[in-house]
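1. only the shape, not the letters, is given here:
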């Protein structure tokens, strides 16, 4: 035990002496800084000062971090579609009502065709109830000629008088139907086709298909006229 104490004393005593000497030195420097001259600076202190002089005491400025480039792709704008070729929209033409002149021209053309057809059968004999070029009666002749030009009419004259538009005697036009009452009782029993210039073509019982002038006799039997064109 005594040996341990001796060893401890030998070890601790030099260390304590060094610590105490250093403490006293620091205290003297702190208390009396102005009294220390350059002669009193020990080699250890001089070496320490030289080390401190070489140390840059300025705190380095912290560099401002440069923001990193975004690793995400920048938003792409929607591609502008190529301009589509303009397609012209077909313009519908306004449907216009046919003018009176065009209507009258069309009627005139049909009337001319009907008159030309009727005149092809001049001289065909009269046959009661006949409806063909082998023989016509009055209404059979009228029906046949109009049918050849695409217009359908009733079979007998009294029924033919019920169709179409009534026309006054002074306004007769070629192609109009003219009706008569040969019995002079107002009942329609005969008809023909007006061809202009005060004349009409019909199938008469005495001469067959022929042209007559609307003279005194026919005017006395005249009942009316109808336009079917």
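-> Done, it's in. The shown structure was predicted, so the numbers you read here are calculated from the model rather than taken from an experiment.

2. can you map out the strands along the chain?
-> 131-132, 135-136, 165-167, 177-180, 190-196, 199-204, 208-213, 222-227 (DSSP state E).

3. right, and the ones you listed - which one's nearest residue 153?
-> strand 177-180 (8.3 Å; CB to CB). Where you see a C-beta, it was placed from the backbone N, CA and C, and this is true even at glycine.

4. other SSEs contacting the closest one?
-> In terms of contacts (3 or more CB pairs under 8 Å, 6 or more residues apart in numbering; DSSP states H and E), strand 177-180 is packed against helix 157-160, strand 190-196, strand 222-227.

5. mean neighbour count, those: which tops it?
-> Of all those, strand 190-196 has the most neighbours on average by mean count of other CB atoms under 10 Å, namely a mean of 22.

6. mind listing residues that contact that one?
-> 114-115, 118-119, 138-139, 142, 145, 157, 160-161, 172-182, 200-203, 211-212, 221, 225 (CB atoms under 8 Å, 6 or more residues apart in numbering).

7. sheet partners, orientation included, of it?
-> strand 177-180 (antiparallel), strand 199-204 (antiparallel) (DSSP bridges).

8. next one: the nearest residue to residue 223 once chain neighbours are set aside from residue 125, what distance?
-> Leaving aside its chain neighbours, residue 223 sits nearest to residue 179 (4.6 Å; criterion: CB to CB, 6 or more residues apart in numbering). For residue 179, the distance to residue 125 (CB to CB, to the nearest Å) stands at 23 Å.

9. just the buried members of the contacts of strand 190-196?
-> Buried members of these, counted by 16 or more other CB atoms under 10 Å: 114-115, 118, 138-139, 142, 145, 157, 160-161, 172, 174-181, 200-203, 211, 225.

10. coming back round to it: now tabulate the strands paired with strand 190-196 in CSV and tack on distance to residue 107 and mean pLDDT.
-> Below are those laid out as CSV (distance: least, CB to CB, whole Å; pLDDT from 0 to 100):
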stretch, distance to residue 107, mean pLDDT
strand 177-180, 14, 98
strand 199-204, 17, 98
